[in-house]
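Trainee: give me the fold of what follows.
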Amino acid sequence: MTGELDARKERVLRAVIDDYVASAEPVGSRTLARKYDLGVSPATIRNEMADLEMLGYLEHLHTSSGRIPSSKGYRFYVNGLIPPKPVSDAEKAQINRWYRARVRRIDEVFQETARIISRVTKNVAIVLAPQMAGTQFRCLQFLPLDAARAVAVFMTDAGFVENKIVRIPAGASFADFQRMAGVINANLSGCTLADIQPHLLTQMRAEIGDESLYEAALSVIHRALDESQEERLYLGGTRELFGQPEFRDAERIKDFLLVLEKEELVKDLLHAHMGDGLAVSIGRENADSHFKNSSVITATYHLNGELLGTIAVLGPTRMEYAKAMSLLGYMNANLTNVISRLEL
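Mentor: Prediction:
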């Protein structure tokens, strides 16, 4: 309740939003009278809609006799969605099947999470994956590629994997690489990635002996450490936008896709709600004008009690908020279980 709306205005506003979300067409009083049991005449509904427009909950499109919700109207609607529509047992089972079929590494967890959210909500899904600097080194392995090259595989306990092709120096053998991996694994055992400092790497240089072998290993380690400092952004469902009536205009969808290519802009949007639990920002509530016609629903996720990142749904203000909110809540709660089941 906002205090300025009586029970009848609330019912009319909810009916307008329900109908507009379902149809994407401006809503008129006759439509509401025909489709919803509001208990009043079309003339009374028309008067209530005029009042709601004056109060800022509805907007009038001049090309139509109907009205659409404003950001304020959607905000009222979302605040009343307690609790949102729950994820069904069938949907949970399907989501778990998708994860089991496709996910083997932690980067795949985030890719699949974005894909699932976009598939279910029909909007863009964003996952801001964590920095991995706090995870623990697990091992460095070398796999033979050919006589002159090997594949280095750097792994952490959270499933972070960095691959790099390295050259086998002249006079060295693949067995030398395996011996070097043993030295590195013994020295870095129990270290977090943040603990791997230059002095620790220098200590291993004498044990490895061969400078060219050491440089090859160092290139892999440095690359993994650099990657671990970066948050990774995963997008899913940009094609879903083409099915939204709001994006029938080719120029509008082009502009929106160009915005999504600006990674820092999207990260800033998610960072604005980091730590807020489940949060909804609607239309002009978004600080960045690029998203004034969009809504973003975000949920932060944790691993072992530590805040790691954010998952989000981004789409037009006309979205199924109840479905998106319940899905993000479920995915947020389930993500730790998915990561813990990875076969490392």
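Trainee: what segments of this protein are strands?
Mentor: Assigned by DSSP state E, the strands in the chain fall at 58-60, 67-69, 124-129, 137-146, 149-156, 161-167, 232-236, 278-282, 294-303, 306-316.
Trainee: in CSV: the ones you listed, plus mean pLDDT.
Mentor: Formatted as CSV, these follow (pLDDT from 0 to 100):
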stretch, mean pLDDT
strand 58-60, 91
strand 67-69, 93
strand 124-129, 86
strand 137-146, 83
strand 149-156, 81
strand 161-167, 77
strand 232-236, 83
strand 278-282, 91
strand 294-303, 85
strand 306-316, 82
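Trainee: can you add mean neighbour count and give those strands back as a markdown table?
Mentor: Where C-beta positions appear, they are placed from N, C-alpha and C, glycine not excepted. Converted to a markdown table, the strands of the chain look like this (neighbours: other CB atoms under 10 Å):
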| stretch | mean neighbour count |
| --- | --- |
| strand 58-60 | 18 |
| strand 67-69 | 23 |
| strand 124-129 | 25 |
| strand 137-146 | 16 |
| strand 149-156 | 19 |
| strand 161-167 | 15 |
| strand 232-236 | 19 |
| strand 278-282 | 20 |
| strand 294-303 | 22 |
| strand 306-316 | 22 |
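Trainee: and the ones you listed as TSV, adding distance to residue 327?
Mentor: Putting the strands of the chain into TSV (distance: least, CB to CB, whole Å) gives the following:
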stretch	distance to residue 327
strand 58-60	27
strand 67-69	21
strand 124-129	10
strand 137-146	32
strand 149-156	29
strand 161-167	28
strand 232-236	13
strand 278-282	11
strand 294-303	9
strand 306-316	8
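Trainee: out of those, which gets nearest to residue 46?
Mentor: strand 67-69 (9.9 Å; CB to CB).
Trainee: give me the contact list for that closest one.
Mentor: With contacts defined as CB atoms under 8 Å, 6 or more residues apart in numbering, strand 67-69 is touched by 13, 16-17, 20, 26-28, 49, 52-53, 57-61, 77, 317-318.
Trainee: could you report the neighbour count for the closest residue in space to residue 272 that isn't next to it in sequence?
Mentor: Nearest non-adjacent residue to residue 272, counting by CB to CB, 6 or more residues apart in numbering: residue 287, 6.6 Å away. Neighbour count of residue 287, defined by other CB atoms under 10 Å: 12.
Trainee: over to residue 331?
Mentor: Residue 331 sits with 22 neighbouring residues when counted by other CB under 10 Å.
Trainee: gap between it and residue 324?
Mentor: Between residue 331 and residue 324 the distance is 10 Å, computed by CB to CB, to the nearest Å.
Trainee: ok, back up a step: among the strands of the chain, which is nearest residue 189?
Mentor: strand 137-146 (7.2 Å).
Trainee: mind checking how far the closest one is from the chain centre?
Mentor: Distance, stretch centre to chain centre, for strand 137-146: 31 Å (CA atoms, centre = their mean, to the nearest Å).
Trainee: thanks a lot, see you next time.
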